[in-house]
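Student: Here you go, sequence then predicted model.
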Amino acid sequence: MKRVYFDNAATTPLRPEVIDRMTHIMRHHFGNPSSIHAEGREARAIIEEARKTVAQAIGASIGEIFFTSGGTESNNWALKGAVRDLGVRRIISSPTEHHCVLHTLDALRNHEGIEIVMLNVDSRGYVDYDQLERLLADTKVPTLVSLMHGNNEIGTMLDLERVSELCTAHGALFHSDTVQTVGHFPIDVRKTRISFLTGGAHKFHGPKGVGFLYINSDNLIRPYIDGGSQERNMRGGTENVYGIAGMATALQLAIEEMEQNRRHIEEVRAYFAERLKSEFEDIHFHGDPERGLYTVLNVSFPPSKKSDLLLMLLDIAGVSASGGSACSSGAETRSHVLQAIQADPARKAVRFSFSHYNTREEADFAIETLKSILPAKVTA
């Protein structure tokens, strides 16, 4: 049975080059990187070469990159570390952040007494930058701003430079969840001052279970996981050597091919969007498709008899898409992001997300599948 995968914002397929790199290390470089013998030194060298690759990808120094189990751990470490070690007592964020940030903020409010302030967002998911500036200006309470670079559900992008400048002007720390944008957009922390930045390998065709946290060298925080001297005494536990190397390989390829991949993805996505509008009545798109994440298209379908079953019927027919974040898609609950932008709850939202492996032919297959499920446009 033919299957088409349009859920790349949830996870991406591994690149063949990444698989080759990881399996080579599994076979030939099994040493513990904390051991001082030859096998251990080989494994250590692989990790440090990967650290250099990741650092260069975002303009950081190698001493500012720490490997983690993924974006969730990285975000937790940054937020909780800022409170514990840097004196942060107020965090400004938005209601459209990923759950790993929102739930961490809940924990910090409930257990640490941290003041959490949520910015207003408009119907496209943009935060109120003027409100942010007022909030930063009206108090001397040590503050951290936590705002994601690209929204994983509707694709709305944050103006990183503008927020960075506001935080710098008012002495606030700035944390950004860049899981959806690392490897897809240029990021340079030498030009855009950010205190903490997070990435996850499986969003750019690397392995699951590995990510990184960039910690600006001005911010001295303590380990999030105790138990050993790994990661320069910052994260205990034997390193995932082949996962780290796989992430570095995937990121290096993503950076090298960024422009050509972007052009291809934008072309397939635009073609798919145009076919949706031509084949169906009353199609809307959430977010700002013209300026948002080029990998994401969140489609709002009008109410119909099969709306509630749309994702399941697509899956049965061979099309993988989602209703929102993969971290909460197991239960078809209403998206907190769509609630925040006050999307019409009577309409069905489906997120189609793309990679450079997708084709126009796959887009056609998805459209024909949708036509077999939903009412098509009536032509005269």
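Tutor: Looks like it arrived, so ask away. Being a predicted model, the structure only gives us computed values, none of them experimental.
Student: And the helices in the stretch 1-150 of the chain?
Tutor: With DSSP state H, counting those that start in this stretch as the definition, the stretch 1-150 of the chain shows helices at residue ranges 16-28, 38-58, 71-86, 99-112, 129-137.
Student: by how many degrees do the first one and helix 38-58 diverge?
Tutor: The directions of helix 16-28 and helix 38-58 differ by 160 degrees, with axes from the mean of the first three to the mean of the last three Cα atoms, to 10 degrees as the criterion.
Student: For helix 16-28, list every residue counted as buried.
Tutor: By neighbour count, with 16 or more other Cβ atoms under 10 Å as the criterion, the buried positions of helix 16-28 are 18, 21, 22, 25. (Glycine included, C-beta is placed from N, CA and C.)
Student: Go through the residues you listed and name the one nearest residue 197.
Tutor: Residue 197 has its nearest neighbour among those in residue 18, at 21.9 Å by Cβ to Cβ.
Student: Quick one: residues contacting that closest one.
Tutor: 205, 206, 207, 246, 249, 250, 253 (Cβ atoms under 8 Å, 6 or more residues apart in numbering).
Student: Can you redo the residues you listed as CSV, where the extra columns are pLDDT?
Tutor: Supplementary listing: the contacts of residue 18 in CSV, determined by pLDDT from 0 to 100:
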residue, pLDDT
205, 98
206, 98
207, 98
246, 98
249, 98
250, 98
253, 98
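Student: just checking, which of the residues you listed belong to helices?
Tutor: Mapping the contacts of residue 18 onto helices (DSSP state H) picks out 246, 249, 250, 253.
Student: and the two most separated of the contacts of residue 18?
Tutor: The most distant members of the contacts of residue 18, if one measures by Cβ to Cβ, are 207 and 253, lying 13.5 Å apart.
Student: And the strands in the stretch 101-250 of the chain?
Tutor: Ranges of strands within the stretch 101-250 of the chain are 115-118, 143-146, 173-177, 196-200, 211-215, based on DSSP state E, counting those that start in this stretch.
Student: I'd like those strands as TSV, with mean pLDDT and mean neighbour count appended.
Tutor: What follows is the strands of the stretch 101-250 of the chain, written out as TSV (pLDDT from 0 to 100; neighbours: other Cβ atoms under 10 Å):
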stretch	mean pLDDT	mean neighbour count
strand 115-118	98	16
strand 143-146	98	24
strand 173-177	98	26
strand 196-200	98	28
strand 211-215	98	28
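Student: Out of the ones you listed, the one nearest residue 228 is which?
Tutor: When the strands of the stretch 101-250 of the chain are compared by Cβ to Cβ, strand 211-215 sits nearest residue 228, at 17.1 Å.
Student: Sheet-wise, list the partners of the closest one with their directions.
Tutor: Counting by DSSP bridges, the strands paired with strand 211-215 are strand 65-68 (antiparallel), strand 196-200 (antiparallel).
Student: could you dump these to JSON lines with distance to residue 127?
Tutor: Putting those into JSON lines (distance: least, Cβ to Cβ, whole Å) gives the following:
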{"stretch": "strand 65-68", "distance to residue 127": "26"}
{"stretch": "strand 196-200", "distance to residue 127": "18"}
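Student: Of all those, which one comes closest to residue 266?
Tutor: Closest to residue 266 of the strands paired with strand 211-215 is strand 196-200 (Cβ to Cβ; 21.9 Å).
Student: Pick out whichever of the contacts of residue 18 sits closest to residue 370.
Tutor: residue 205 (26.5 Å).
Student: hang on, the earlier thing: between residue 207 and residue 253, which one's more packed in?
Tutor: residue 207 (22 against 18; other Cβ atoms under 10 Å).
Student: between the helices of the stretch 1-150 of the chain, which gets nearest to residue 260?
Tutor: That would be helix 16-28 among the helices of the stretch 1-150 of the chain, by Cβ to Cβ, at 15.6 Å.
Student: Select, out of the strands paired with strand 211-215, the one closest to residue 85.
Tutor: strand 196-200 (11.9 Å).
Student: quick one, the closest one and helix 71-86 angle?
Tutor: Using the same axes, to 10 degrees: strand 196-200 against helix 71-86 is 160 degrees.
Student: List of residues touching strand 196-200?
Tutor: Residues from elsewhere that reach strand 196-200, judged by Cβ under 8 Å, 6+ apart: 54, 58, 70-71, 74-75, 78, 82, 173-179, 182-183, 187, 189, 210-216, 219, 251.
Student: picking that back up, minimum distance to residue 280: which of the strands paired with strand 211-215 has it?
Tutor: The nearest among these, by Cβ to Cβ, is strand 196-200 at 33.4 Å.
Student: chain center to the closest one: distance?
Tutor: Relative to the chain's own centre, strand 196-200 is displaced by 9 Å; criterion: Cα atoms, centre = their mean, to the nearest Å.
Student: circling back to that earlier point, ranking the helices of the stretch 1-150 of the chain by burial, who's on top?
Tutor: helix 71-86 (a mean of 22; mean count of other Cβ atoms under 10 Å).
Student: Dump the C-alpha coordinates for that one into PDB.
Tutor: Output of helix 71-86 as PDB, limited to C-alpha atoms (Å, rounded to 0.1, in the frame of the first residue of the first chain):
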ATOM      1  CA  GLY A  71      14.600  19.400  23.000                       C
ATOM      2  CA  THR A  72      12.400  18.600  26.100                       C
ATOM      3  CA  GLU A  73      15.400  18.100  28.300                       C
ATOM      4  CA  SER A  74      17.200  21.100  26.900                       C
ATOM      5  CA  ASN A  75      14.300  23.400  27.500                       C
ATOM      6  CA  ASN A  76      13.800  22.000  31.100                       C
ATOM      7  CA  TRP A  77      17.500  22.500  31.800                       C
ATOM      8  CA  ALA A  78      17.500  26.100  30.500                       C
ATOM      9  CA  LEU A  79      14.400  27.200  32.300                       C
ATOM     10  CA  LYS A  80      15.000  25.500  35.700                       C
ATOM     11  CA  GLY A  81      18.700  26.300  35.600                       C
ATOM     12  CA  ALA A  82      17.900  30.000  35.100                       C
ATOM     13  CA  VAL A  83      15.700  30.000  38.100                       C
ATOM     14  CA  ARG A  84      17.900  28.000  40.400                       C
ATOM     15  CA  ASP A  85      21.300  29.500  39.500                       C
ATOM     16  CA  LEU A  86      20.700  32.900  37.900                       C
END
